[in-house]
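*Asks:* Structure, please.
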Amino acid sequence: MRPPHLPSRSTLEFLRMGVVCALAAHGFTRPAGAQETRPEEVIVTSTALRETALDVAQPTTVISGDELRRRISASIGESIASQPGVSASYFGPGASRPVIRGLAGERVLMLQNGVSALDISSLSQDHAVPIEAVLADQIEILKGPAALLFGSGAVGGIVNVVDGRIPTHFSHEADRTAFEARGDTALHERTAVGRADFGEGSLRVHVDGFRRTTADLKIPGYAFSALERAEHIEEASDETFERGRLENSDSETVGGSFGFSVGGERGFVGLSFSRFDTEYGAVVGHAHLEHEQDDPEDEHGLGHDDVRIDMRQDRYDLQAERQIALGVFERVRLRGAYSDYRHVELEADEIGARFRQDAYDVKLSLDHGEMLGWRGAIGAQYAELDFAASGAEAFAPPSVAKHAAAFLFEKRDFGDLTLEWGVRAENQRIQAERDAPRYDDTAVSVSGGAVWRFAGAYSLSTHLTRSQRHPQAAELYADGPHLAIGRWELGDAGLRKETARTVDLTLHRHAPQGLHWSAGVFYNAFDDYIYARPLGVEQDGLPLHAYTQQDGEFYGFEGELTIPIFAAGASHFEIRFAADHVRGRLKDGGDLPQIPPLRYGVELHYERDRLHIGVETYVYDDQDKIAVEERPTNGYTMLDADVSYRFGVGRSDVLVFLRGSNLLDEEARRHTSPLKELAPLPGRSALLGVRAEF
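*Replies:* Below you'll find the predicted structure:
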């Protein structure tokens with residue numbers, strides 16, 4: 001049952017009808033080529049000067065083309081969790097947020113077309129990210145501090161989903177009509193997507209819509225881990241456990257967007273409206289406490305095992321660019337978004353909590369040509385977030401946060417050596433409704449980097465940053481039950497900025513033909529790292545965690561090696577080895593929680609004309625470097641395989657893809673998930689999809 005304050009889905013039905021009508025009315029021809037572009041050659045739109053991944057000093061990954069279609073999952077976190085240096089929080093299939101090099105939540109910024117998602121997914125792991133991966137043209141991952149261009153919240157990295165909802169290309173070559181349908185056996189997923197891009201002259205139009213339904217997740221064995229079951233039996237010997245299915249993990253998600261732009265080669269102005277509407281079961285972290293409650297209707301709702309989240313975001317985007325001739329300045333860029341976000345948490349059809357956030361973010365930048373040999377960009381950004389929560393589970397008070405920033409980025413080529421540097425100053429003011437002092441401070445981030453190309457195919461990249469992150473409202477003012485992860489959180493209004501000093505060093509060998517490899521190491525030293533520390537006592541029956549600050553460090557490596565076995569005519573066969581590792585520690589001793597373990601694996605890829613066959617297996621090591629009150633996690637092995645084929649049907653280009661995941665049907669629990677003891681990853685599954693483009 002939908003709560004009365006949320007509107008019906010009639011608007012989404014209208015958007016889907018619009019997609020169908022647009023597709024029926026236009027029969028544009030745009031065959032997609034059989035050859036895929038290597039990710040390193042794709043333009044990364046979230047970089048300052050719109051360059052490729054190999055042209056920037058910061059470690060960057062881009063997923064696009066057929067690889068993206070094969071890897072898309074029900075959430076953005078799961079869609080990219082297998083990328084080097086990336087994991088996910090996994091709060092069940094409906095909510096999973098990216099984790100980059102062990103950093104998560106407020107330290108990883110989610111972007112949509114270069115603008116903040118403006119959601120509250122970083123507030124709690126059970127909140128879904130309202131960005132739909134199935135609509136993406138490419139997903140960009142910047143690893144390490146990206147605070148310079150995007151704000152202090154990007155101290156750990158960014159994930160930018162590019163979906164083209166505001167058209168930027170003004171020619172019939174950009175005309176496209178696409179349908180996609182996919183289904184997954186573990187999720188019982190049924191997804192349908194439609195998209196059309198068309199226009200005449202100076203007017204371009206984009207329309208899309210999608211719908212996804214999933215049932216309770218199929219899992220190998222029990223939902224509760226062996227340790228969790230033993231603890232339950234010790235306290236309630238007659239308790240039974242669910243096996244083979246993760247209860248209350250189903251979902252229904254619909255959404256769509258309409259956008260248009262007016263302009264041409266010299267510039268454009270575009271607007272879009274989009275809606276993301278989802279209802280999903282929350283595999284609540286406090287479920288393991290239910291048997292301890294004498295009153296099933298206690299004030300914190302611990303007696304309910306059917307908690308559901310009903311979420312809706314309406315979003316309005318603006319994007320404008322224009323070539324100019326104003327001294328050294330060559331182009332002006334404007335991006336902005338306004339978000340109307342609402343969600344309620346339902347307990348047995350009763351509303352347990354309401355969350356809302358009205359927010360906007362706008363950024364203006366000027367690109368300049370060579371000035372004393374340097375080229376770059378200067379800009380300013382302003383964002384305001386008006387957050388409110390009510391109900392027994394509203395652990396964070398209402399607050400208004402205002403961010404104002406200015407930044408500068410410069411780059412210069414010296415033959416085979418490229419240098420880059422930048423600086424950003426960002427003021428943040430937060431006022432909470434509770435009787436608490438206002439936060440008002442300025443963070444300054446600086447970065448420098450170099451890319452040295454040598455011996456033809458080799459390059460060495462180094463990136464040095466000093467980035468600062470402001471504490472967020474929940475860290476400052478929280479005082480209440482955070483039931484999603486089963487604890488009482490207490491903020492500290494006296495928290496200071498945290499400062500991170502990061503060194504990245506990556507060596508590449510990149511060649512169109514032949515051996516391809518990269519090896520990188522990183523070290524991230526934090527002063528005044530903010531985290532929730534368990535106090536060893538309880539508040540109203542929940543473990544009490546207080547936000548505090550302590551120096552910490554993160555360090556690790558990422559590497560991959562691709563060896564071509566043979567290439568003959570249209571056939572190509574290669575083997576790829578990959579590994580990554582991160583360690584997160586407090587400097588005075590002790591490990592930080594939810595740090596991903598060592599991961600290593602091998603992939604085999606065969607291509608012949610439009611056929612692709614891949615097999616990959618990855619080993620996830622045991623994680624026994626654990627924080628206080630955290631359990632170790634057993635390692636596991638994931639074996640996946642996929643096959644895809646492109647072929648033409650009339651004027652259309654069709655991609656059919658089949659992917660088998662967890663073929664060994666392993667019980668896999670992700671250490672980065674706060675629900676690892678209650679919710680394993682999906683069991684053996686098969687995903688079948690077809691995409692047609694006209």
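
*Asks:* Give me the next element, helix or strand, following the worst-scoring helix or strand of the chain on mean pLDDT.
*Replies:* Every helix and strand in the chain was compared by mean pLDDT, DSSP states H and E; the lowest is helix 10-25, with a mean of 37. Following helix 10-25 in sequence order, the next helix or strand is strand 43-44 (DSSP states H and E).

*Asks:* which strands and helices sit next to that following strand?
*Replies:* strand 51-52 (3 or more CB pairs under 8 Å, 6 or more residues apart in numbering; DSSP states H and E). From N, CA and C alone the C-beta is placed, and that goes for glycine too.

*Asks:* Can you name every helix or strand that the following helix or strand past the strand it packs on contacts?
*Replies:* Once the chain leaves strand 51-52, the next helix or strand it forms, by DSSP H and E, is strand 60-64. For strand 60-64, the packing partners by 3+ CB pairs under 8 Å, 6+ apart come out as strand 138-143.

*Asks:* Other residues contacting the strand it packs on?
*Replies:* Residues outside strand 138-143 that contact it (CB atoms under 8 Å, 6 or more residues apart in numbering): 42, 44-47, 58-64, 68, 76, 79-80, 83, 85-86, 98, 100-101, 133, 154, 157-162, 504, 522, 558.

*Asks:* Tell me which residues touch the spatially most central residue of the chain, please.
*Replies:* With distances taken as CA atoms, centre = their mean, the residue of the chain nearest its centroid is residue 98 (4.4 Å). Contact analysis of residue 98 by CB under 8 Å, 6+ apart lists 76-77, 80-81, 86-89, 104, 108, 110, 141, 159.

*Asks:* all strands of the stretch 151-300 of the chain, in order?
*Replies:* Using DSSP state E, counting those that start in this stretch, the strands assigned to the stretch 151-300 of the chain run over residues 157-162, 176-184, 189-200, 203-214, 217-222, 243-246, 251-264, 267-281.

*Asks:* buried stuff in the fourth one?
*Replies:* Applying a neighbour-count criterion of 16 or more other CB atoms under 10 Å, one finds 204, 205, 206, 207, 208, 209, 210, 211, 212, 213, 214 buried in strand 203-214.

*Asks:* Would you mind giving these as CSV with pLDDT added?
*Replies:* Shown next, in CSV, are these (pLDDT from 0 to 100):
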residue, pLDDT
204, 97
205, 97
206, 98
207, 98
208, 97
209, 97
210, 97
211, 97
212, 97
213, 97
214, 96
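
*Asks:* Residue 331: which of the residues you listed is nearest?
*Replies:* residue 204 (19.0 Å; CB to CB).

*Asks:* Identify the bridge partners of that closest one.
*Replies:* Beta-bridge pairing for residue 204 (DSSP bridges): residue 199, residue 261.

*Asks:* What separation do you get for it and residue 428?
*Replies:* Counting by CB to CB, to the nearest Å, the gap from residue 204 to residue 428 is 37 Å.

*Asks:* just residue 503 next, same as before
*Replies:* Distance from residue 503 to residue 428, by CB to CB: 26 Å.

*Asks:* Residue 622 too?
*Replies:* For residue 622, the distance to residue 428 - CB to CB - is 40 Å.

*Asks:* and the two? which has more neighbours close in?
*Replies:* Neighbours per residue, other CB atoms under 10 Å: of residue 622 and residue 428, the larger number sits with residue 428, 23 against 13.

*Asks:* hang on, isn't that one packed against residue 401?
*Replies:* Yes. Using CB atoms under 8 Å, residue 428 is in contact with residue 401, at 6.6 Å.

*Asks:* thinking residue 470 is in contact with residue 152, fair?
*Replies:* Yes. Proximity of residue 470 to residue 152 meets the contact threshold set by CB under 8 Å, at 5.0 Å.

*Asks:* For the stretch 301-450 of the chain, which segments count as strands?
*Replies:* Using DSSP E, counting those that start in this stretch, strands in the stretch 301-450 of the chain cover 307-326, 329-347, 350-371, 374-391, 399-414, 417-432, 439-454.

*Asks:* With only the CA atoms kept, save the fourth one in PDB.
*Replies:* By that I understand strand 374-391. Extracted C-alpha coordinates of strand 374-391, given in PDB (Å, rounded to 0.1, in the frame of the first residue of the first chain):
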ATOM      1  CA  TRP A 374      48.900  26.400 -19.400                       C
ATOM      2  CA  ARG A 375      45.300  25.600 -20.300                       C
ATOM      3  CA  GLY A 376      42.600  24.900 -17.800                       C
ATOM      4  CA  ALA A 377      39.300  25.900 -16.100                       C
ATOM      5  CA  ILE A 378      38.100  28.200 -13.400                       C
ATOM      6  CA  GLY A 379      34.700  28.000 -11.800                       C
ATOM      7  CA  ALA A 380      32.300  28.300  -8.900                       C
ATOM      8  CA  GLN A 381      29.700  26.000  -7.300                       C
ATOM      9  CA  TYR A 382      26.800  26.500  -4.900                       C
ATOM     10  CA  ALA A 383      24.600  23.800  -3.400                       C
ATOM     11  CA  GLU A 384      21.900  23.900  -0.800                       C
ATOM     12  CA  LEU A 385      20.300  20.800   0.900                       C
ATOM     13  CA  ASP A 386      17.200  21.200   3.000                       C
ATOM     14  CA  PHE A 387      16.800  17.900   4.900                       C
ATOM     15  CA  ALA A 388      14.000  16.800   7.300                       C
ATOM     16  CA  ALA A 389      13.100  13.500   9.000                       C
ATOM     17  CA  SER A 390      10.300  12.500  11.300                       C
ATOM     18  CA  GLY A 391       9.200   9.400  13.200                       C
END
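
*Asks:* Who are the packing partners of it?
*Replies:* strand 350-371, strand 399-414.

*Asks:* Next: the second one.
*Replies:* In this structure, strand 329-347 packs against strand 115-116, strand 307-326, strand 350-371, with contacts taken as 3+ CB pairs under 8 Å, 6+ apart.

*Asks:* Switch these over to TSV, and while doing so, append distance to residue 259 to every line.
*Replies:* As requested, these are exported to TSV (distance: least, CB to CB, whole Å):
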stretch	distance to residue 259
strand 115-116	13
strand 307-326	7
strand 350-371	17
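
*Asks:* Can you pull out the low-pLDDT segments for the stretch 1-150 of the chain?
*Replies:* Counting by pLDDT under 70, the low-confidence segments of the stretch 1-150 of the chain come to 1-40.

*Asks:* let's see it at 90
*Replies:* Counting by pLDDT under 90, the stretch 1-150 of the chain has low-confidence residues at 1-57, 74, 92-94, 124-126, 145-149.

*Asks:* And for the stretch 551-694 of the chain?
*Replies:* Across the stretch 551-694 of the chain, residues meeting the criterion (pLDDT under 90) sit at 567-570, 588-589, 628-629, 649-652.

*Asks:* Please enumerate the strands of it.
*Replies:* Going by DSSP E, counting those that start in this stretch, the stretch 551-694 of the chain shows strands at 571-586, 599-608, 611-620, 636-649, 652-661, 685-693.
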